[in-house]
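In: Following is a predicted model, sequence given first.
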Amino acid sequence: MAIVVDTETRLVVQGLTGSEGRFHGLRNRSHGTNVVAGVTPGKGGQDVEGIPVFDTVATAMEETGANASMIFVPAPFATDAMYEAVDAGIRTVVCITEGVPAHEMLRIHAYLRYRDVVLVGPNCPGVLSPGKANVGIIPAEIFREGSVGLVSRSGTLTYQIGHELTQLGLGNSTIVGIGGDPVVGTSFVDVLALFEADPQTEQVVIVGEIGGDEEEKAAAFIEAELSKPVVAYIAGFTAPPGKTMGHAGAIISGSAGTAQGKKEALEAKGIRVGTTPTETAQLVAELARG
Amino acid sequence: MADSRICARDTLAGAVDLYEYQGKELFRRYGIPVSNGMLATSPAEARTAAQELGPPVVVKAQVLTGGRGKAGGIKLADTAVDAEARAKEILGMDIRGHVVSKLWIEKASDIAREYYLSLTFDRSARKPLFMFTTQGGIDIEEVARTSPDALVRLHVDPLAGFQPWHARRLVYDGGVEDPGEQKQIAAIAGKLFEAFVGCEAMLCEINPLIVTPHGEVRALDSKFTVDDNALFRRPELAEMRDLAAADPLEALAREKGVTYVKLDGEVGVLGNGAGLTMSTVDVVTFVGGRPANFCDLGGGGDARGVVDALEVITRDPQVRAIFFNVFGGITRCDEVARGILQAVEQMGIEEPIVVRLDGTNAEEGRRILRDSGIQNLHAEATMLDGARRAVELAAG
């Protein structure tokens, strides 16, 4: 099983002919992802190391049966690419692009509300189901297949925790980087629901950070809906208010969105919160050992 | 990263605060009534402005922080000479770490009532949120806490946009009884929404929204924050950003394309990726140290980026030791190691540098550091050990 991407994934890369799209598209293919097509307007008919390129997503779908898209186009064109993929009928869209205007994301989020689409990102490292498919920029080498579901707002912090899990002999069902922007397509709660339904996933780690209230919503959802044990980690305890800490969404507004507030919300629902990435991995290992 | 437009930050993400006078200029463009005013950067200019506007005027410090009034940054002047004197007092004043270099001289208003109207980017609901209350002029969080019923909160669907009923709900639920006021506030609400969407704002706040004794409704203050990520297509807003207002080190970092936030400690922190860097800052604190900064190399982390980042970090005189925490995914540790050597050689950095490299090409990176023979480089195997070592070195 695993979630979002797996062996059934037939990936089209929007922006495959750009340097990053090419690099990561081919890298994903070398990790076993079935990359069936690329899309770059004006470059239809070309190919990237054997991967056919089309002018539109709709044609790419017709010709190759693509069922998932990874977006690697610059921010000014990223929203257009998301709408194009969704309107062509793609049901799984992973947008890596950083710097998408927040108002655009409000509209896309509203547009997707009644559509059966999973949009991961933007400003995210993507989704990796070890041994099955890698869609995005997560370095697959440092993860192994297993039963821990990992969902995070951050990229490298996820690698750090994944690495610590690997060293403790634990593997992952799926790693989902939901992205560091204020509004992203898929929230913690969305991913938690998918992990709950996934037979491969036995424990879940959520990696949050300052800003917004998605961790608080996750805490309430875990208490109400999750049968699987969850461990959390929150970054940004020492972040000053009003400063954007790297991610557009990582900002404490007034007294809202602090790491301490999130930790307390999670702990109030009985969820253990690791103090460091190392301790977080150890907590997961304790759970796994029963 | 090869293509800087996708993942590296050519614009540093976040919200951009505008000055009151800039927000009011935007209000004026969108048809929201404001009082006449002029910008002044010297007492003489303040006097000229007061003469042209016609006293009495209000002399208002332009700073990107709250609490100006309490700090003495807003003064009434009955004459032009008086305005000059008030300007002399306020210019150069330090308001919560912001030094006043600009004044907004505005024609004084007679106030009968003070209301509050704002639109915020509600990331939790993922919709714009209107807030309105007739208890204006004070801190809105205070109103929300003490008399929540007096505060009207109303979301707008991002696809359907503003509809006239939104304005009706605001004024009726807010308890505005005068039909003239109702009409003016409704019109202002619609225009505020246009400004919010048109400028891709994260916040548009009018506090207070005043009613004059003649029944005119006007914006007496403005708080306007726009989305950094949208500035590429809003050049008129991009120009409004005041780079000089930031902390000098933060301004230097922005110039060099380094994501940097100044903190108040001795351990310089450098990581790759926002989450890992935040976590590194936390871990330094957790093991008993005080981080001097947050500095994110970003996804790329090539040698040039490392040199730029170290230049910013070492410019801070408080820094006693540096902790480099890199988990290579896309970032290659050998590349980071070369950047560190280059920076140490070029800049003659004397502070101890603790380096923890893991992930892609970590072995190679560690070997490069080891073979360099540089005395102040200290390699540590884990994030936790690296943090401990850096804290020890900063103390000793």
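Out: Alright, I've got the coordinates. Since the structure is predicted, the reported quantities are computational estimates derived from the model, not experimental observations.

In: Check the residue in the stretch 151-290 of chain A that chain B sits nearest to and give its pLDDT.
Out: Of all residues in the stretch 151-290 of chain A, residue A:154 sits closest to chain B, at 2.2 Å by C-beta to the nearest C-beta. For every residue, glycine as well, the C-beta is placed using N, CA and C. The score at residue A:154 is 91. That number is its pLDDT.

In: Ignoring the adjacent residues along the chain, who's closest to it?
Out: Excluding the flanking residues, the one nearest residue A:154 by C-beta to C-beta, 6 or more residues apart in numbering or on different chains is residue B:275, at 2.2 Å.

In: Can you name the next helix or strand after the helix or strand harbouring that neighbour?
Out: Using DSSP states H and E, residue B:275 sits within helix B:274-286. Heading C-terminal from helix B:274-286, the first helix or strand you meet, by DSSP H and E, is strand B:293-296.

In: does any part of the helix or strand just after that next one sit near chain A?
Out: Next along the chain after strand B:293-296, taking DSSP H and E as the criterion, comes helix B:303-314. No. For helix B:303-314, no contact with chain A is found by C-beta under 8 Å from any C-beta of the partner chain; the gap never falls below 12.5 Å.

In: And whichever helix or strand comes after helix B:303-314, what does it pack against?
Out: Once the chain leaves helix B:303-314, the next helix or strand it forms, by DSSP H and E, is strand B:321-328. Under the contact criterion of 3 or more C-beta pairs under 8 Å, 6 or more residues apart in numbering or on different chains; DSSP states H and E, strand B:321-328 touches helix A:156-167, strand B:267-271, helix B:274-286, helix B:303-314, helix B:333-347, strand B:353-359, helix B:383-395.

In: on that earlier part again, surely the residue of the stretch 151-290 of chain A closest to chain B and residue A:235 touch.
Out: Yes. In this structure, residue A:154 is within contact of residue A:235 by C-beta atoms under 8 Å, at 6.8 Å.

In: can you tell me the helix or strand for the closest residue in space to residue B:207 that isn't next to it in sequence?
Out: Spatial nearest neighbour of residue B:207, excluding adjacent residues (C-beta to C-beta, 6+ apart): residue B:116 at 4.8 Å. When elements are assigned from DSSP H and E, residue B:116 belongs to strand B:113-122.

In: what about stretch B:221-229, near chain A?
Out: Yes. Interface with chain A: stretch B:221-229 contributes B:227-229 (C-beta under 8 Å from any C-beta).

In: Identify the bridge partners of the spatially most central residue of chain A.
Out: Residue closest to the mean C-alpha point of chain A, counted by C-alpha atoms, centre = their mean, is residue A:177 at 2.7 Å. When assigned by DSSP bridges, residue A:177 has beta-bridge partners residue A:126, residue A:152.

In: just to revisit the earlier point, so which of the residues of stretch B:221-229 next to chain A wins on neighbours?
Out: residue B:229 (28 neighbours; other C-beta atoms under 10 Å in any protein chain shown).

In: Surely that one and residue A:76 touch.
Out: No. Contact between residue B:229 and residue A:76 fails when scored by C-beta under 8 Å: they sit 10.1 Å apart.

In: The residue in chain B positioned nearest to chain A: what's it in contact with?
Out: Nearest residue of chain B to chain A, counting by C-beta to the nearest C-beta: residue B:275, 2.2 Å away. Residues counted as contacts of residue B:275 (C-beta atoms under 8 Å, 6 or more residues apart in numbering or on different chains) are A:152-158, A:180, A:207, A:209, A:235, A:246-247.

In: Next one: it, what pLDDT does it get?
Out: Confidence at residue B:275, expressed as pLDDT, is 93.

In: domain assignment for the chain?
Out: I went with chain A, as the question did not name one. A:1-123, A:143-290 (automatic domain parsing).

In: wrong one, I was asking about chain B
Out: Taken from automatic domain parsing, chain B resolves into B:15-19+B:111-238, B:36-107, B:246-395.

In: so of those, which one's packed in deepest?
Out: domain B:246-395 (a mean of 22; mean count of other C-beta atoms under 10 Å in any protein chain shown).

In: so how far is the first residue of it from its last?
Out: Using C-alpha to C-alpha, to the nearest Å, one end of domain B:246-395 lies 29 Å from the other.

In: Now do the same for the residue lying closest to residue A:136 once chain neighbours are set aside: its pLDDT.
Out: In this structure, residue A:136 finds its nearest non-sequential neighbour in residue A:126, 1.3 Å apart by C-beta to C-beta, 6+ apart. Here the pLDDT value assigned to residue A:126 is 97.

In: okay, now residue A:126: neighbour count?
Out: 24.

In: Over to residue A:50?
Out: Residue A:50 has 8 nearby residues by other C-beta under 10 Å.

In: any idea how far residue B:199 is from it?
Out: According to C-beta to C-beta, to the nearest Å, residue A:50 and residue B:199 sit 46 Å apart.

In: now swap in residue A:75 and tell me
Out: Distance from residue A:75 to residue B:199, by C-beta to C-beta: 18 Å.

In: All the helices of the chain, residue numbers only.
Out: This is for chain A. A:19-30, A:57-64, A:75-88, A:102-112, A:156-167, A:188-197, A:214-225, A:259-268, A:277-289 (DSSP state H).

In: other chain: chain B
Out: Per DSSP H, chain B carries helices over the ranges B:20-29, B:43-53, B:80-90, B:140-146, B:164-174, B:179-198, B:235-238, B:248-256, B:274-286, B:303-314, B:333-347, B:362-372, B:383-395.

In: Compare those and give me the one nearest residue A:220.
Out: Ranking those by proximity to residue A:220 (C-beta to C-beta) places helix B:140-146 first, at 21.1 Å.

In: CA-only coordinates of the closest one in PDB, if you can.
Out: Output of helix B:140-146 as PDB, limited to C-alpha atoms (Å, rounded to 0.1, in the frame of the first residue of the first chain):
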ATOM      1  CA  ILE B 140      -8.400  44.600  18.400                       C
ATOM      2  CA  GLU B 141      -7.200  41.500  20.300                       C
ATOM      3  CA  GLU B 142      -8.300  43.200  23.400                       C
ATOM      4  CA  VAL B 143     -11.900  43.700  21.900                       C
ATOM      5  CA  ALA B 144     -11.900  40.100  20.800                       C
ATOM      6  CA  ARG B 145     -11.000  39.000  24.400                       C
ATOM      7  CA  THR B 146     -13.200  41.300  26.400                       C
END
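
In: That helix near chain A anywhere?
Out: Yes. Helix B:140-146 reaches chain A (C-beta under 8 Å from any C-beta) through residue B:141.

In: Around the closest residue to residue B:141 other than its chain neighbours, how many other residues sit close by?
Out: Nearest non-adjacent residue to residue B:141, counting by C-beta to C-beta, 6+ apart: residue A:254, 6.4 Å away. Residue A:254 has 11 neighbours, counted by other C-beta under 10 Å.

In: Wait, residue A:254 touches residue A:241, no?
Out: Yes. Using C-beta under 8 Å, residue A:254 is in contact with residue A:241, at 7.0 Å.

In: winner for burial among the helices of chain A?
Out: Most buried of those by mean neighbour count (mean count of other C-beta under 10 Å) is helix A:156-167; its value is a mean of 26.

In: Next, the angle helix B:383-395 makes with that one.
Out: Per axes from the mean of the first three to the mean of the last three C-alpha atoms, to 10 degrees, the angle that helix A:156-167 makes with helix B:383-395 is 120 degrees.

In: residues in contact with helix A:156-167?
Out: With C-beta under 8 Å, 6+ apart as the test, helix A:156-167 has contacts from A:125, A:138-139, A:142-144, A:146, A:148, A:150, A:152, A:171-172, A:175, A:177, A:205, A:207, A:209, A:233, A:235, A:277-278, A:280-281, A:284-285, B:271-273, B:275-276, B:278-279, B:327, B:329, B:331, B:358-359, B:383.
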